[in-house]
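1. here is a sequence with its predicted model. Questions after.
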Amino acid sequence: MLLLDINPDHFEIYLEEYPKQNYREVAKSIAKKAKAKFDQPAFLVALSHAAVDGEQILQGIVEVTGEEVNVFGGGAGDDYSFTESRVFVNGKISLNGMACIVLDESRVEVQGIATCGWKAVGTEKIVTKSIGNHVYTIDDIPALDITAKYGGLENLTPNNKNLLIELAAGLPLQLQREKGDPVMRPGLVVDWNDRSFYTSGAVPQGSKVRFSIPPDWNVMDKVVKGVEQLKATAMPEADALVVFSCAGRILSLGPLMSEELEGINNVWKVPMAGMFSNAELGRATGGSLEMHNLTTCCVALKEK
């Protein structure tokens with residue numbers, strides 16, 4: 001929890017649901033309200049439901065506000081069960097919706113960075129069938145089966161309670177980009193009818209992917225140095241810091257996760273709060289706004 005004494009005229013809070021999976025339309029609806037209120041809105045977003053397509057959320061916001069808009073956030077966690085996640089605002093809770101704080105950037109400066117560190121392994125593979133964030137086949141092999149083949153996953157049944165953790169954190173996909181860094185696309189929800197899976201963001205049919213393995217402890221230095229660079233180049237002072245860090249990083253870094261968070265906090269030494277999320281929203285280094293996984297997303301706030 002982070003207590004901020006921001007002028008109520010400088011922010012708005014929204015919650016809207018997407019039971020029809022109309023993610024883009026819901027995001028556009030919120031963005032239109034925000035744009036009517038503020039000339040330069042910035043968005044802090046929390047999403048519920050493991051199969052939500054965060055890319056569509058981002059595209060809906062960008063369509064209304066423009067490519068340079070600041071959007072950061074994460075998918076609500078549920079202790080790795082990937083069954084029920086919740087977002088809430090004053091008096092309203094949703095298992096299938098988007099909660100959002102919109103800040104007036106003419107009054108509250110927002111700067112952020114998203115860094116990952118997962119290392120790609122093996123050769124590039126082709127996504128041979130997908131629709132949005134539903135990946136059916138890779139190299140004409142069901143997505144679950146090819147991941148199990150290269151990751152050594154066993155007991156591929158709905159009764160394996162650890163399977164989704166192994167799938168998401170053990171050998172996640174990296175989506176290769178023509179512009180900017182690759183982005184993570186681990187499987188989060190399995191469709192057992194055809195052994196396909198849903199990822200947190202879009203994986204276009206025909207795109208190139210590689211499997212990846214968790215980073216070593218050096219990734220913590222990369223994250224902290226990235227935040228230090230943000231301070232040096234864009235945000236010399238901050239009032240508060242919000243961190244969205246993937247829950248999968250705990251599985252890989254263990255107790256060292258505390259060292260990463262302490263390193264981030266020491267950059268500005270201001271109040272900091274955050275969450276371990278099921279997915280992260282932010283701008284990748286040198287790229288566009290993306291839905292990430294296994295990533296740390298740091299957002300600095302400064303009231304003008």
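-> Now that the structure is in, tell me what you want to look at. Worth saying up front: this structure is predicted, and the values here are computed from it rather than measured.
2. who does the helix or strand hosting Glu290 pair up with?
-> Element membership for Glu290 (DSSP states H and E) is strand 289-292. Paired neighbours of strand 289-292 in the sheet (DSSP bridges): strand 280-283 (antiparallel).
3. what mean pLDDT does the strand it pairs with get?
-> Averaging pLDDT along strand 280-283 yields 88.
4. work out the gap between that strand and the centre of the chain.
-> Centroid separation for strand 280-283 versus its chain: 5 Å, with C-alpha atoms, centre = their mean, to the nearest Å.
5. state the mean pLDDT of the strand holding Glu290.
-> Strand 289-292 carries an average pLDDT of 81.
6. got a list of contacts for it?
-> Strand 289-292 is contacted by residues 53-55, 57-58, 62, 69, 71, 114, 116, 183-184, 200-202, 246, 279-284 when judged by C-beta atoms under 8 Å, 6 or more residues apart in numbering. All C-beta spots, glycine's among them, are computed from the backbone N, C-alpha and C.
7. next step: those restricted to strands.
-> Val71, Ala114, Val183, Met184, Cys246, Glu280, Leu281, Gly282, Arg283 (DSSP state E).
8. how about the first one, what does it touch?
-> In this case it means Val71. Ala42, Phe43, Val45, Leu58, Ile61, Val62, Leu281, Gly282, Leu289.
9. list the buried residues in the strand holding Glu290.
-> With burial defined by 16 or more other C-beta atoms under 10 Å, the residues of strand 289-292 counted as buried are Leu289, Glu290, Met291, His292.
10. give me the neighbour count for the closest residue to the first one other than its chain neighbours.
-> Excluding the flanking residues, the one nearest Leu289 by C-beta to C-beta, 6 or more residues apart in numbering is Leu58, at 4.7 Å. Other residues near Leu58 come to 27 when the count uses other C-beta atoms under 10 Å.
11. show the contacting residues for Leu58.
-> Leu58 neighbours (C-beta under 8 Å, 6+ apart): Ala27, Val71, Leu281, Leu289, Glu290, Met291.
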